[in-house]
Each structure stands twice: as C-alpha cells, then as structure tokens.
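Trainee: sharing a sequence plus its predicted fold:
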Amino acid sequence: MKINLIKSVKEDLLVIAKMYKTEMSKPPYNENWTEKKAIEKMKFYSKFYDLFTIKVNDKENNQIAGFICINPKFMCPGDVAFGEEFVIKSEFQSKGIGTYVIKEIIKLYKKKGFKRLLGIADTKGKAIKLYYKLGIKPSKKDVLIERRLK
C-alpha cells in the first residue's frame, strides 16, 4: 500500500467532512456533528490552515483514508505548528498510516523552520500510543502534546 499526503483540494472536502462526522461520533469522542457543520469546518480549514488529504493506493484502489489539519499560525506564527485535527478512517487504522503521516508532518514543518509541533489528544483515544511511539509526550491531565522540531 502506498500512502500519499497531499494538500487537500475542493473535491476532497465533502469526503473528509463525512469521514470527520462519522469517526468523531464514535467513542471515546462521542461528538455530535452534522454533515453541514462538518463541511463548514473543512471549508474553514482549507481556507485558513494547512489541510492535507491522506490517500492510499493499492493495486485496486485509490482511496481517501483520512486527513490532517495543521494551524501554522498558532501562538507564534512560524514557530509553533498546531495539529487541529487528525482523522484516519476506521478501516485504515493500525496499518502504519498514522505513523507515516506524523513523520511526514514533522519533516515538513521542521524544514519550514518551525520549532514545535503541538496538538491535543483524547487520553482514551487509540492515537495516544502512536504519539508515545513517536516521542510526542502528553501532559498528565488534558493531554497537550508537543515535540521539539529543532
């Protein structure tokens, strides 16, 4: 399986909005998203943030497996990149996609001169193990995550 992390285009927004609504409604998040609100959020992200679509290719399919949204203007613009959202569709989880994406994001923002990558993770979410594995350390309560890029 080949994984591609590409800048999202308008045609991706409906697919990733539906994915967001579906995945974030599941435990441990249990968020109540309507498709309309999710589409509105993705449009906002695509306009003001760095929104990337995660595509996977195998011999038979080219599918959208998830997305990641980075706010490059969080706190001190150019110094701190903030991971707003990171969603991988259930059927693509635990296949190395998250590891690949986080490593690529780290490389990309490090190359751009950012010093830190921050984000918020649910302590009961599956992704917390991934963050530990990649050297991203959570706090003891609210799970503010950080990794120094320099």
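Mentor: Cool, got the structure.

Trainee: please count neighbours and contacts with C-alpha atoms only from this point.
Mentor: Noted.

Trainee: quick one: the helices in the protein?
Mentor: 13-24, 35-48, 97-111, 127-133 (DSSP state H).

Trainee: is it possible to get JSON lines of these that adds mean pLDDT, mean neighbour count and distance to Phe74?
Mentor: Formatted as JSON lines, the helices of the chain follow (pLDDT from 0 to 100; neighbours: other Cα atoms under 10 Å; distance: least, Cα to Cα, whole Å):
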{"stretch": "helix 13-24", "mean pLDDT": "97", "mean neighbour count": "20", "distance to Phe74": "22"}
{"stretch": "helix 35-48", "mean pLDDT": "97", "mean neighbour count": "16", "distance to Phe74": "11"}
{"stretch": "helix 97-111", "mean pLDDT": "97", "mean neighbour count": "16", "distance to Phe74": "13"}
{"stretch": "helix 127-133", "mean pLDDT": "86", "mean neighbour count": "15", "distance to Phe74": "20"}
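
Trainee: Cys76: which of these is closest?
Mentor: helix 97-111 (13.9 Å; Cα to Cα).

Trainee: which secondary structure elements does the closest one contact?
Mentor: Contacts defined by 3 or more Cα pairs under 8 Å, 6 or more residues apart in numbering; DSSP states H and E place helix 97-111 against strand 2-7.

Trainee: pull the residues that contact the strand it packs on.
Mentor: Applying Cα atoms under 8 Å, 6 or more residues apart in numbering, the external contacts of strand 2-7 come out as 50-58, 97, 100-101.
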